[in-house]
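Student: Let me see the structure of the following:
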Amino acid sequence: MSTETGCCKTAGPGYGTPLEAMSGPREALIYVTCVYTGTGREKPDFLATVDVDPNSPTYSKVIHRLPVPNLGDELHHSGWNACSSCHGDPSADRRFLILPSLVSGRIYVVDTQKNPKAPLLHKVVQPEDIIKKTGLAYPHTSHCLASGDIMVSCLGDKDGNAEGNGFLLLDSEFNVKGRWEKPGHSPLFGYDFWYQPRHKTMISSSWGAPAAFTKGFNLQHVADGLYGRHLYVYSWPDGELKQTLDLGDTGLIPLEIRFLHDPSKDTGYVGCALTSNMVRFFKTPDGSWSHEVAISVKPLKVQNWILPEMPGLITDFLISLDDRFLYFVNWLHGDVRQYNIEDPKNPVLAGQVWVGGLIQNGSPVTAETEDGKTWQSNVPEIQGHRLRGGPQMIQLSLDGKRLYVTNSLFSTWDRQFYPELMEKGSHMLQIDVDTEKGGLKINPYFFVDFGAEPDGPSLAHEMRYPGGDCTSDIWI
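Tutor: Next comes the predicted model:
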């Protein structure tokens, strides 16, 4: 971690290596983006501070709420102004949490340093300013750069067309600088991105046109070409589109993307939601990039649902800091999985736990085996609560031993697939991880009920630790 000698800071934020980060302090707080947009409650979205210290009297409770000053934002993902990519710069400081609003286009900057338990709003980057200078809207993923700038993927133009998407650059004072990519080098669709500087490469993924996905999921929109199936390979840091990887019918709607944490590695994965495949991408001997399906989740044959087959819908995944384990969720099926990826080409299932989903015991929907028998997943109650929705966003402790899980994807899609979340809100779970033999087990002592919020049930999405984590920090 960054060290202090007297009054002189000898290193920047984060850690020198991913393995060093694994020895960092245990998490005590976690920030969670919470949404009222789309729920019918006319309240502003907020950033929740949750106490995750088991020795604290307020363990497993929301201890602070920072409401944003506007309605209709849809807070979604979050990132830092500085992370381990700036570790070599003693003047850099991990202080500000960046909160892009997916629907309104605002970007909130939150000061977490003055009081980590009670963050304060520092600045608002207005959508009008972003649109005027770049034409970009629907901001999603933010990553800090070693230069001090902040890069944000934007999924469309102000009218929700995918053609207007690209990458926004903010300077260290959160002023709009312009677009990152070179003119004419924007992707067809936008979503997530990750960079691996030693290989001079950034790769981005593709959700769909905001005009389509903000209205809810419609299978016809996939056929109409309003959703993506490509990865975009850029030269880093100069923003030239070098290669487009067509993932085809096995890679529909590729969402979260991660390289292995070891900055020397030239491989990573992307979770393809609709086809429920984990696709591995890798550099070939000639310097180009290729891809292959590494893990496939078969759709379930179901009864009493909108379709005869139900995809798992892989909506989030992450990789442990030692690059040993990969974790992903099946938002519709309801399970969280752990795979050993010590051989990245051949992941091995090491753990699985059911924490919700459409086929859980007591649901009207049942799954069917090949020989015609019906079954449902056995999902336990936690502290007297029936688990709602399906596992969606996940966050892993630095040491890899605790996995945190929320269950809201995007308000419109929540309403469509899990309408119960609208009336009862989200919850957050913690899963204990066996990092030696593999295995996942729900912690019965941890349950955060966002259905019990003072302003009414809210939807909980992404989670961040004040000191960084395996989905925020990139090593160079």
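
Student: What about the residue nearest to residue 309 when sequence neighbours are not counted? Give its phi and psi, please.
Tutor: Excluding the flanking residues, the one nearest residue 309 by CB to CB, 6 or more residues apart in numbering is residue 299, at 4.2 Å. (C-beta placed from N, C-alpha, C; glycine too.) When quoted as degrees, to the nearest 10, the phi and psi of residue 299 stand at phi -70, psi 150.

Student: pLDDT score assigned to residue 299?
Tutor: Per-residue confidence at residue 299 stands at 98 (pLDDT).

Student: thinking it is in contact with residue 311, fair?
Tutor: Yes. With contact defined as CB atoms under 8 Å, residue 299 reaches residue 311; the gap is 4.9 Å.

Student: more neighbours, the two?
Tutor: The neighbour count for residue 299 versus residue 311, taken as other CB atoms under 10 Å, is higher for residue 311 (22 against 17).

Student: Return the residues in contact with the more buried one.
Tutor: 273, 274, 275, 276, 297, 299, 332 (CB atoms under 8 Å, 6 or more residues apart in numbering).

Student: Please determine how far the first one is located from residue 32.
Tutor: When distances are taken as CB to CB, to the nearest Å, residue 273 and residue 32 turn out to be 22 Å apart.

Student: same deal with the last one?
Tutor: Shown here: residue 332 relative to residue 32, a distance of 22 Å by CB to CB.

Student: do the same with residue 367
Tutor: Here the distance between residue 367 and residue 32 works out to 31 Å (CB to CB).

Student: neighbour count winner among the two?
Tutor: residue 32 (27 against 20).

Student: For stretch 448-456, which residues meet the burial criterion?
Tutor: 448, 449, 450, 451, 453 (16 or more other CB atoms under 10 Å).

Student: Give the closest residue to the last one in space, chain neighbours not counted.
Tutor: Closest residue in space to residue 453, ignoring its immediate chain neighbours: residue 425 at 6.8 Å, by CB to CB, 6+ apart.

Student: mind listing what that neighbour touches?
Tutor: 388, 449, 450, 451, 452, 453, 456, 457, 458, 459, 460.

Student: Give me the secondary structure label for the fourth one.
Tutor: This means residue 451. Put simply, residue 451 is helix when judged by DSSP: H, G, I helix; E, B strand; the rest coil.

Student: What sits closest to it if chain neighbours are left out?
Tutor: Closest to residue 451 by CB to CB, 6+ apart is residue 425, at 3.3 Å.

Student: What spatial separation is found between the one you found and residue 404?
Tutor: According to CB to CB, residue 425 stands 17 Å off from residue 404.

Student: Then residue 317?
Tutor: On the measure of CB to CB, residue 317 and residue 404 end up 14 Å apart.

Student: do the same with residue 23
Tutor: 20 Å.

Student: Next one: residue 7, what pLDDT does it get?
Tutor: 41.

Student: Straight-line length of stretch 388-406, end to end?
Tutor: End-to-end span of stretch 388-406 (CA to CA, to the nearest Å): 10 Å.

Student: Same question for stretch 232-239.
Tutor: For stretch 232-239, the end-to-end distance is 11 Å (CA to CA).

Student: could you pull out the strands for the stretch 351-476 of the chain?
Tutor: Assigned by DSSP state E, counting those that start in this stretch, the stretch 351-476 of the chain shows strands spanning 366-368, 374-375, 394-396, 402-405, 427-433, 440-442, 448-449, 459-464.

Student: tell me what the first one is packed against?
Tutor: So that's strand 366-368. Counting by 3 or more CB pairs under 8 Å, 6 or more residues apart in numbering; DSSP states H and E, the packing neighbours recorded for strand 366-368 are strand 300-303, strand 374-375.

Student: Residue 48 contacts residue 61, correct?
Tutor: No. Contact criterion CB under 8 Å: residue 48 and residue 61 do not qualify, at 10.0 Å.

Student: Just the element for residue 242, please.
Tutor: Under the criterion of DSSP states H and E, residue 242 resides in strand 241-246.

Student: tell me how far the next helix or strand after that strand is from the chain's mean position?
Tutor: Scanning forward in sequence from strand 241-246 by DSSP H and E, the next helix or strand is strand 254-259. Remark: strand 254-259 is offset 9 Å from the chain centroid, using CA atoms, centre = their mean, to the nearest Å.

Student: and the angle from strand 254-259 to strand 241-246?
Tutor: Angle of strand 254-259 versus strand 241-246, following axes from the mean of the first three to the mean of the last three CA atoms, to 10 degrees, is 130 degrees.

Student: Name the surrounding residues that touch strand 254-259.
Tutor: Strand 254-259 is contacted by residues 191-196, 203-207, 228-231, 247, 265, 267-273, 279, 314-319, 471 when judged by CB under 8 Å, 6+ apart.

Student: Can you list the strands that the strand holding residue 242 pairs with?
Tutor: strand 230-235 (antiparallel) (DSSP bridges).

Student: Flag every buried residue along the strand it pairs with.
Tutor: In strand 230-235, counting by 16+ other CB under 10 Å, buried: 230, 231, 232, 233, 234.

Student: Same question for stretch 34-50.
Tutor: For stretch 34-50, by 16+ other CB under 10 Å, it's 34-39, 41, 43-50.

Student: Between the two ends of it, how far is it?
Tutor: Start-to-end, stretch 34-50 (CA to CA) is 12 Å.

Student: about what we covered before: so which of residue 23 and residue 404 has more stuff around it?
Tutor: residue 404 (24 against 11).

Student: Pull up the gap between that one and residue 208, please.
Tutor: Residue 404 sits 27 Å away from residue 208, going by CB to CB.

Student: got it, and residue 463?
Tutor: The value you get for residue 463 to residue 208, if CB to CB is used, is 24 Å.

Student: Then residue 197?
Tutor: 29 Å.

Student: Kindly report the same for residue 62.
Tutor: 32 Å.

Student: now swap in residue 304 and tell me
Tutor: From residue 304 to residue 208 the distance is 27 Å (CB to CB).

Student: Of those two, give the one with the bigger neighbour count.
Tutor: residue 208 (23 against 10).

Student: ends of stretch 210-218, how far apart?
Tutor: Termini of stretch 210-218 sit 13 Å apart (CA to CA).

Student: Please disregard the earlier target; I meant stretch 157-169.
Tutor: 16 Å.

Student: what's the answer for stretch 432-442, then?
Tutor: Note: stretch 432-442 ends 6 Å apart using CA to CA.

Student: quick one: buried residues of that stretch?
Tutor: Using 16+ other CB under 10 Å as the burial criterion, the residues of stretch 432-442 that qualify are 433, 435, 438, 440, 442.

Student: As a markdown table, those residues with distance to residue 373 and pLDDT would be great.
Tutor: Below are these laid out as a markdown table (distance: CB to CB, whole Å; pLDDT from 0 to 100):
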| residue | distance to residue 373 | pLDDT |
| --- | --- | --- |
| 433 | 32 | 98 |
| 435 | 35 | 97 |
| 438 | 28 | 97 |
| 440 | 26 | 98 |
| 442 | 26 | 98 |
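
Student: can you pull the contacts of the residue nearest to residue 295 when sequence neighbours are not counted?
Tutor: In space, and not counting its chain neighbours, residue 295 is closest to residue 278: 3.9 Å by CB to CB, 6+ apart. Listed by CB under 8 Å, 6+ apart, the contact partners of residue 278 are 269-272, 293-296, 314, 317, 326, 328, 339, 347.
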